[in-house]
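**Q** model this:
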Amino acid sequence: MPIQFLKRKLTQQHTQWLLKGLQWLFALTIMLYLAIRLTEIGWVNVWQNLPDNPLFYLLFILIYFALPTSEMLVYRLIWNRSLWRHFGVFVRKRVYNVGIMGYSGEAYLLFWAQQKLGYSYRAAFSAVKDNNILSALASNGMTVLLLIIFAATGQLDIVLKQDPDYATYLLIAALGLALLIPVILRFRRHIIALSAGPALKVFILHSSRLTIVMLLQALQWSVALPSVAFDTWVIFLTAQMIMTRIPFLPSQDLLFLGLGLSMAGLIDAPLDAVAAMFLAAGALSQAMNAGMYIVTFFTNSHNVIDEKTPVSPTT
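**A** A predicted model of the protein is given here:
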């Protein structure tokens, strides 16, 4: 009996070592990927053209952490439990979604909720699904409103002339919007598990976050290039929102950076200053992603793989 017990323990330990090794390998792969992205942007060029106003960087930090903060509050509402000490989980989720590939963060959170919080797959999936649907409704609703305004004022044509490829992104997003919103509204009771009260609160949280981030982003760009009109920045923000509605795009930050550089002719400012600002913003985001990934990797509460199986309700 002691020998069988020892063998079982050794087998469990070897399995844990293997899983930990795979986790380290995956982490190093992500770090290398982010480092390559930064190199493609150009380290020296970015450093030489960084904005010198400290407010630019303060606003960047506020914008960066707005999404993980709002999602932490959303899941606190859905799961009815405090998640402040797990804030790094939502930071890493942002890294996966924005820096790597859309919805990869949802997969990470799904496994984390099962391993660390003890939820069943069904319960964890339901929470992630409800959050994403309500977030999509809020984002799509705002995007539709902005698209209508820009189409009515003729500003959308200006964007399409600057980057012909953007018409493809716009078409994909428009089809998604046209299908998603009516389907969700028609079958909301079958699609969303949350009751009406909590669902409305989650929707309001996402709508508030989108509005706040848009204002902060416009302010950040205005700080870097104060000569540019505010509505010009709103056009860029609308383009960014449309891109985030297209699933599985690789590295949305870098894709938006390319769009920004191609549309630089719209802005009444020196081209090198415009390019430097978008270059700096893209590099800062990638650097922040790499830094936050490293920080959260060394915090035990953020690792998906745990040595002990948590004991908590599976509902």
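**Q** and for Lys129, the neighbour number?
**A** Look at Lys129: counted by other CB atoms under 10 Å, it has 16 neighbours. C-betas here are computed from N, CA, C, even on glycine.
**Q** whoops, I mixed them up, Ile100
**A** When counting by other CB under 10 Å, one arrives at 19 neighbours for Ile100.
**Q** what's the distance between it and Phe60?
**A** Using CB to CB, to the nearest Å, we find Ile100 at a distance of 20 Å from Phe60.
**Q** check Ile204 too.
**A** 25 Å.
**Q** more crowded one of the two?
**A** Of the pair Ile204 and Phe60, Phe60 is the one with more neighbours under other CB under 10 Å, namely 19 against 12.
**Q** any idea how far Asn140 is from Leu83?
**A** Counting by CB to CB, the separation of Asn140 from Leu83 is 26 Å.
**Q** repeat that for Ser227.
**A** Computed as CB to CB, the Ser227 to Leu83 distance reads 42 Å.
**Q** neighbour count: the two, which is higher?
**A** In this view Ser227 and Leu83 are compared by other CB under 10 Å, and Leu83 has more residues nearby, 18 against 10.
**Q** Leu210: how many residues sit nearby?
**A** Neighbours of Leu210 (other CB under 10 Å): 21.
**Q** residues in contact with it?
**A** The contact partners of Leu210, taken as CB atoms under 8 Å, 6 or more residues apart in numbering, are Ala138, Ser139, Met142, Met241.
**Q** kindly recompute the last result at 7 Å.
**A** In this structure, Leu210 makes contact with Ala138, Ser139, Met142, judged by CB atoms under 7 Å, 6 or more residues apart in numbering.
**Q** for the helix or strand harbouring it, list every residue counted as buried.
**A** Assigned by DSSP states H and E, Leu210 belongs to helix 196-224. The neighbour-count check on helix 196-224 (16 or more other CB atoms under 10 Å) flags 198-199, 201-203, 205-207, 209-210, 213-214, 216-224 as buried.
**Q** ditto for stretch 60-70
**A** Phe60, Leu62, Ile63, Tyr64, Phe65, Ala66, Leu67, Pro68, Ser70.
**Q** contacting residues for the fourth one?
**A** This points to Tyr64. Residues in contact with Tyr64, defined by CB under 7 Å, 6+ apart, are Met288.
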